[in-house]
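Peer 1: After the sequence you'll find the predicted model.
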Amino acid sequence: MKTQISRTARLSILPALAFSGLLAVSAQQALAQEVGDHQYTSEAVETGSQVYTQQCALCHGPQGALVDGINLSIGQFRTVQSDADLRQVISEGAGQGRMPAFSLRAEELRGVIAFIRAGFDPEGVAVIIGDPVRGKELFEGEGQCADCHRVRGVGPRTAPDLSNIGAIRTPASLQRNITDPATALLPINRPVRLVTRFEETIVGRRLNEDTYTVQLIDSTERLRSLKKVDLISYEISDEPSKQPTTMSSDEVADVIGYLLTLRGLE
Ligand code: HEC
Ligand code: HEC
């Protein structure tokens, strides 16, 4: 059996790069840019934590769960989906005056949204979440996600079905899958190439594997289960399955907003 580990070669040049001060600086800048584009900064989360304690904790409680049916720290709301919805609720109030309207300064407003998105965790990752309606259009159109992914019975089976993805992944993991898929590889979901002793070559995506068998979706979208004793060769690629998106950070935020609404079949 042969297992290709093609990334090892590329990884081995990393220690060499670490000695270059210039490269280290620009990598750091790139990281700051990335965080600024797709996530709120830790300063914003910090500001928001103070605003929350002073203005919101009285009703919502220190853990954000005191108002019935709402748990701010785990993103459980009544009507809110996007960050724009949060902005509107905070600025205009809710529940016929049971929650008053707040006139916060711009960085306080941004901060309290960041604090909620960070899950009330000062060290949490606070991903910016956009408009799910626009996100759905981008997913099916310009973003090309639907070329590979299936949602609620529509689309190909060559990539994981995303119908329940909003229930099983964090916003941070969704963001990574879109903007930096190479670091978000799922070990099981790898492209594989098999040759059987019946001289059949099968390429596809691995779904599952145990000691004796491997299950995969082949290139014709058929579910296959193969006995390992029948295989002459078995190659697992750890190349990223796709390129980082070329969408803008606002568009990525919209797509994340859409993915978070996917919680099982309707
Ligand atoms: C005086 C009590 C009170 C204060 C103070 C308060 N809220 Fe609320 N909030 C409520 C109530 C009550 C609701 C439920 C409204 C409803 O019935 O839909 C609510 C709802 C919400 C919702 C969910 C809205 C939805 O429809 O999904 C969010 C988000 C929220 N509050 C955030 C905040 C933030 C952030 C602050 C501080 C800036 C804050 N609240 C301060 C009482 C309060
Ligand atoms: C070329 C095909 C392709 C395109 C285009 C594509 N993906 Fe993927 N995606 C995959 C494959 C294959 C995997 C699983 C393998 C892996 O982990 O790399 C995956 C994994 C994912 C996951 C993680 C699934 C999980 O179970 O955690 C998410 C989320 C995702 N993609 C979202 C998107 C979004 C959003 C877009 C559009 C911006 C997109 N993908 C575009 C092929 C694609």
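Peer 2: Arrived safely, thanks for sending. Ligands and ions are numbered 1, 2, ... in the order given.
Peer 1: use CA for all of it now, contacts and neighbours both
Peer 2: Will do.
Peer 1: can you count the residues close to residue 200?
Peer 2: 11 (other CA atoms under 10 Å).
Peer 1: For it, give its distance to residue 77.
Peer 2: Distance of residue 200 to residue 77, computed by CA to CA, to the nearest Å: 52 Å.
Peer 1: Write out the residues of the protein neighbouring ligand 1.
Peer 2: Applying CA under 6 Å from any ligand atom, we find that the chain lies next to ligand 1 at 52, 55-56, 58-59, 67, 77-80, 86, 89-90, 94-95, 98-99, 112.
Peer 1: for residue 231, phi and psi?
Peer 2: Phi and psi for residue 231, reported as degrees, to the nearest 10, are phi -100, psi 130.
Peer 1: and if you look at residue 219?
Peer 2: phi -70, psi -10.
Peer 1: Contact partners for it?
Peer 2: The neighbours of residue 219, taking CA atoms under 8 Å, 6 or more residues apart in numbering as the test, are 158, 202, 203, 204.
Peer 1: Could you export these to JSON lines, including columns for secondary structure?
Peer 2: Listed next are the contacts of residue 219 as JSON lines, based on DSSP: H, G, I helix; E, B strand; the rest coil:
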{"residue": "158", "secondary structure": "coil"}
{"residue": "202", "secondary structure": "strand"}
{"residue": "203", "secondary structure": "strand"}
{"residue": "204", "secondary structure": "strand"}
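Peer 1: would you list those residues in JSON lines and tack on neighbour count?
Peer 2: As requested, the contacts of residue 219 are exported to JSON lines (neighbours: other CA atoms under 10 Å):
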{"residue": "158", "neighbour count": "21"}
{"residue": "202", "neighbour count": "18"}
{"residue": "203", "neighbour count": "18"}
{"residue": "204", "neighbour count": "23"}
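Peer 1: Just the C-alphas of stretch 219-235, formatted as PDB.
Peer 2: Provided in PDB are the C-alpha atoms of stretch 219-235 (Å, rounded to 0.1, in the frame of the first residue of the first chain):
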ATOM      1  CA  SER A 219     -16.200  10.300  -9.400                       C
ATOM      2  CA  THR A 220     -19.600   9.200 -10.700                       C
ATOM      3  CA  GLU A 221     -21.100  10.000  -7.300                       C
ATOM      4  CA  ARG A 222     -21.700   6.300  -6.500                       C
ATOM      5  CA  LEU A 223     -21.200   5.200  -2.900                       C
ATOM      6  CA  ARG A 224     -18.600   2.400  -2.900                       C
ATOM      7  CA  SER A 225     -17.300   0.100  -0.200                       C
ATOM      8  CA  LEU A 226     -14.100  -1.800  -0.900                       C
ATOM      9  CA  LYS A 227     -12.300  -4.600   0.900                       C
ATOM     10  CA  LYS A 228      -8.700  -3.700   1.500                       C
ATOM     11  CA  VAL A 229      -7.500  -7.200   0.600                       C
ATOM     12  CA  ASP A 230      -8.800  -6.500  -2.900                       C
ATOM     13  CA  LEU A 231      -6.700  -3.400  -3.400                       C
ATOM     14  CA  ILE A 232      -3.400  -3.300  -5.200                       C
ATOM     15  CA  SER A 233      -2.800   0.400  -4.500                       C
ATOM     16  CA  TYR A 234      -4.400   2.900  -2.200                       C
ATOM     17  CA  GLU A 235      -3.300   6.600  -2.400                       C
END
